[in-house]
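Colleague: the sequence isn't on hand, but the structure is:
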């Protein structure tokens, strides 16, 4: 089965809402639901997070990163939650869920691709946080959350890669601009496959409307320059990330992408000067997200 036929099969399942998630995703989704409850207290959130050691470690690490640490380090989950706040905490929980979507494959190639995709995701999330806070002046926590979930469709595809190995290969049997009318009940081209699967997955993540709107802008490449919206923010962050998605077969090579630098004036500075000033913060936050 070639890649286009494998995608067709998965898209049809997504349209039916028939998604297959790894078993460990369910527990993390329950935590996400609990955090969405306005009556969820810090003590309850602390108990939930501490039941998941990997998540607890990540919460403390991010609270101590340069993006959030304005004083001494925190050494426990409750103090970390108080520093981050619930909006940032939801983003941290999302990091675990997104990584869990890919499952734990025994195939070394799939694991390597998963790790590279997560490296790309962490870079985009960190860049989105800085761009939103310092350039577009939008909610930085929401921007980081969008960066974390922007590859949910591809992480889900990785979870099906053992069943459909051709998903990891570029399909040369058709023109990538060609529309495939056999996909589901509507005409869906390959570029929108990510959107179809992404929409199906995010339904299960209970993401707010502004996040969905920004993801839609990213899926269809609608960006203004200089950036103004959350969609612009995520698209710019995606372009600036030094590690590109290993499943983005339509991207230019990294050398081609950076042959001409993206830059524009921001107040008294420029995009590049702001990124240089934020380099330590970006590195620390990216590392914390990847830990």
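Modeller: Cool, the structure landed. Because the structure is a prediction, the values reported are computed rather than measured.

Colleague: residue 84 contacts residue 92, doesn't it?
Modeller: Yes: contact criterion Cβ atoms under 8 Å: residue 84 and residue 92 qualify, at 7.1 Å. For glycine as for every other residue, the C-beta is placed from the backbone atoms N, C-alpha and C.

Colleague: helices of this protein, residue ranges please.
Modeller: Using DSSP state H, the helices found in the chain span residues 3-15, 24-36, 42-50, 53-63, 77-101, 108-131, 140-149, 152-159, 190-202, 209-219, 230-240, 254-257, 271-277, 279-290.

Colleague: so of the ones you listed, which one's packed in deepest?
Modeller: helix 140-149 (a mean of 27; mean count of other Cβ atoms under 10 Å).

Colleague: low-scoring stretches of this structure, by residue?
Modeller: Along the chain, the model assigns pLDDT under 70 to residues 171-192, 249-260.

Colleague: if we can go back for a sec, so what sits against both of residue 84 and residue 92?
Modeller: By Cβ atoms under 8 Å, 6 or more residues apart in numbering, residue 84 and residue 92 have these common neighbours: 59, 62.

Colleague: picking up where we left off before, so which of the helices of the chain is nearest residue 69?
Modeller: helix 53-63 (7.0 Å; Cβ to Cβ).

Colleague: ok, residues contacting the closest one?
Modeller: The contact list for helix 53-63 (Cβ under 8 Å, 6+ apart) reads 28, 31, 49-50, 68-69, 74-77, 79-81, 83-84, 88-89, 92-93, 95-96, 285, 288-289, 291.

Colleague: tilt between that helix and helix 279-290?
Modeller: Counting by axes from the mean of the first three to the mean of the last three Cα atoms, to 10 degrees, helix 53-63 lies at 170 degrees to helix 279-290.

Colleague: what's the offset of helix 53-63 from the middle of its chain?
Modeller: Computed by Cα atoms, centre = their mean, to the nearest Å, the chain-centroid distance of helix 53-63 equals 18 Å.

Colleague: centre of the chain to the edge, which residue is at the far end?
Modeller: Here the chain reaches farthest from its C-alpha mean at residue 268, the gap being 30.8 Å by Cα atoms, centre = their mean.

Colleague: which residue is the nearest non-sequential neighbour of residue 78?
Modeller: In this structure, residue 78 finds its nearest non-sequential neighbour in residue 46, 4.4 Å apart by Cβ to Cβ, 6 or more residues apart in numbering.

Colleague: does that neighbour really touch residue 82, like I thought?
Modeller: No: applying Cβ under 8 Å, one finds residue 46 not in contact with residue 82, separated by 9.3 Å.

Colleague: look up how far residue 89 lies from the residue nearest to residue 78.
Modeller: The gap separating residue 46 from residue 89 is 10 Å, by Cβ to Cβ, to the nearest Å.

Colleague: now do the shared contacts for these two.
Modeller: Residues within reach of residue 46 and of residue 89 at once, by Cβ under 8 Å, 6+ apart, are residue 81.

Colleague: residues near the closest residue to residue 158 other than its chain neighbours, how many?
Modeller: Computed as Cβ to Cβ, 6+ apart, the closest residue to residue 158 that is not its neighbour in sequence is residue 102, at 4.1 Å. For residue 102, the neighbour count with other Cβ atoms under 10 Å is 24.

Colleague: give the contact list for residue 102.
Modeller: For residue 102, the contact set (Cβ under 8 Å, 6+ apart) comprises 22, 110, 114, 117, 155-156, 158-159.

Colleague: can you report phi and psi for it?
Modeller: Phi and psi for residue 102, reported as degrees, to the nearest 10, are phi -80, psi -10.
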